[in-house]
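# what's the 3D shape of this:
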Amino acid sequence: MGIFDRFTRTNDEQEQKKLEEGLEKTRTSFFGKLDRLVRGKDNVDAEVLDELEEVLVTSDVGVDTTLDIIQHVEERVAQDQYVSTQELNRLIRDEIAKLMLEDAPERPADFDAPLPDKPYVIMVVGVNGVGKTTTIGKMAYRYKQAGKKVVLGAADTFRAAAIEQLDIWAERAGVPVVKQKHGADPAAVAFDAVESAESQGADVVIIDTAGRLHTKGGLMEELAKIKRVMGKKVTAAPHEVLLVLDASTGQNAIRQAEEFTNSVDVTGLALTKLDGTAKGGVVIGVSHEFQVPVKYIGVGEDLDDLQVFDRKGFVEAMFEGVER
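Sure, this is the predicted structure:
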């Protein structure tokens, strides 16, 4: 019995369907490569394993994760003496499932779950262009739909359009924004946002931050300053540091994750634009290679197209329609 035989769907059926549709390009690309690999071959030998390694790497699974998968497949082949290429899909599916479930067996809390602190402060980080502001707007909407009072903080004061973009998303989500003029001290804006959220009795405050700076100071030092300043107002703030990555950039997303996790106390990851890319394998890589859980994935442009990441649901969607 494979690990998939024990799976049950934990996502809402509509969200799972949307996830399956969002992963269609990734699924088609990956299994197209796999089909070409095994075509005309009867069993999994050293040559197939070498080519499988290339398929996984070029599918943006990541080098370290690929090597782990290959090692496990090699062990299985050695144990069984003979594994047919027809069994390879199931074998890869099981190994990916095991990796993702071993990394983080618990599903992150839904937006309607009770929060451990009030206001619950989330600082969102990531380079420009990854969908950071969009993700914040969607998070605000989902929290509000769950009955929570939300305040946003426009602490990306270095990019001219950042405040205006956050304003637009805040209006769509129906939540207030604390902001200052372009070029203001980001830490001061973050402090004001936390203070405002506290005075309003808000449940959640989400802080937008810069993806790069126009000053001589380093981005990581600026993010550390924002954290320190917020912590003076609310103990232990921020309670979460969410790193947003663009899944469509593939290996570049893994490099960004490495840079940020080495410099900032990242507590969770959000991967955006999964619906428009064939590089969804990067979710497997970042989930396995970093000691940080993937919390959210973006599978569309609508306000409700941000999903709490469910590893079981993701692997099911990744292998939807594949013979088990």
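# which of the residues in the longest helix along the chain are buried?
As assigned by DSSP state H, the longest helix anywhere in the chain is helix 63-80. Of all the residues in helix 63-80, those buried under the rule 16 or more other Cβ atoms under 10 Å are 65-66, 68-70, 72-73, 77. In short, each C-beta sits where N, CA and C put it, glycine included.
# distance between the strand or helix carrying Glu95 and the chain's centre?
According to DSSP states H and E, Glu95 maps onto helix 88-103. Averaging C-alpha positions (Cα atoms, centre = their mean, to the nearest Å) puts helix 88-103 19 Å from its chain's average.
# list the helices and strands that helix packs on?
helix 24-38, helix 46-58, helix 63-80, helix 282-289, helix 311-318 (3 or more Cβ pairs under 8 Å, 6 or more residues apart in numbering; DSSP states H and E).
# Using CSV, write down the CA coordinates of the second one.
Below are the C-alpha coordinates for helix 46-58, written out as CSV (Å, rounded to 0.1, in the frame of the first residue of the first chain):
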residue,chain,number,x,y,z
ALA,A,46,21.5,3.5,-13.6
GLU,A,47,20.9,5.3,-16.9
VAL,A,48,17.3,6.0,-16.0
LEU,A,49,18.3,7.3,-12.6
ASP,A,50,20.8,9.7,-14.1
GLU,A,51,18.1,11.0,-16.5
LEU,A,52,15.6,11.2,-13.7
GLU,A,53,18.0,13.4,-11.8
GLU,A,54,18.1,15.8,-14.7
VAL,A,55,14.3,15.8,-15.0
LEU,A,56,13.8,16.7,-11.3
VAL,A,57,16.5,19.4,-11.4
THR,A,58,15.0,21.0,-14.6
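# tell me the angle of it relative to helix 282-289?
100 degrees (axes from the mean of the first three to the mean of the last three Cα atoms, to 10 degrees).
# If you count contacts, what does helix 46-58 end up packed against?
helix 24-38, helix 63-80, helix 88-103.
# what mean pLDDT would you report for the longest one?
I take that to be helix 63-80. Taken as a whole, helix 63-80 has a mean pLDDT of 88.
# What of the shortest one?
Mean pLDDT, taken over the full extent of helix 24-38, equals 85.
# Can you name the residues in contact with it?
Helix 24-38 is contacted by residues 48, 51-52, 55, 58-59, 85, 88-89, 92, 274, 276-281, 317-322 when judged by Cβ atoms under 8 Å, 6 or more residues apart in numbering.
# Mind listing what's buried along stretch 24-42?
Neighbour-count burial for stretch 24-42 [16+ other Cβ under 10 Å]: 25-27, 29-31, 33-34, 37-38.
# For Tyr296, state which of the residues you listed is nearest.
Proximity of the buried residues of stretch 24-42 to Tyr296 (Cβ to Cβ) peaks at Thr26, which lies at 17.3 Å.
# picking that back up, please work out which residues outside the longest helix of the chain touch it.
Outside helix 63-80, the residues within contact range by Cβ under 8 Å, 6+ apart are 44, 49, 52-53, 56-57, 61, 83, 91-92, 95-96, 98-99, 284-285, 288-289.
# Run the angle between that helix and helix 46-58 for me.
Put simply, helix 63-80 runs at 150 degrees to helix 46-58, going by the same axes, to 10 degrees.
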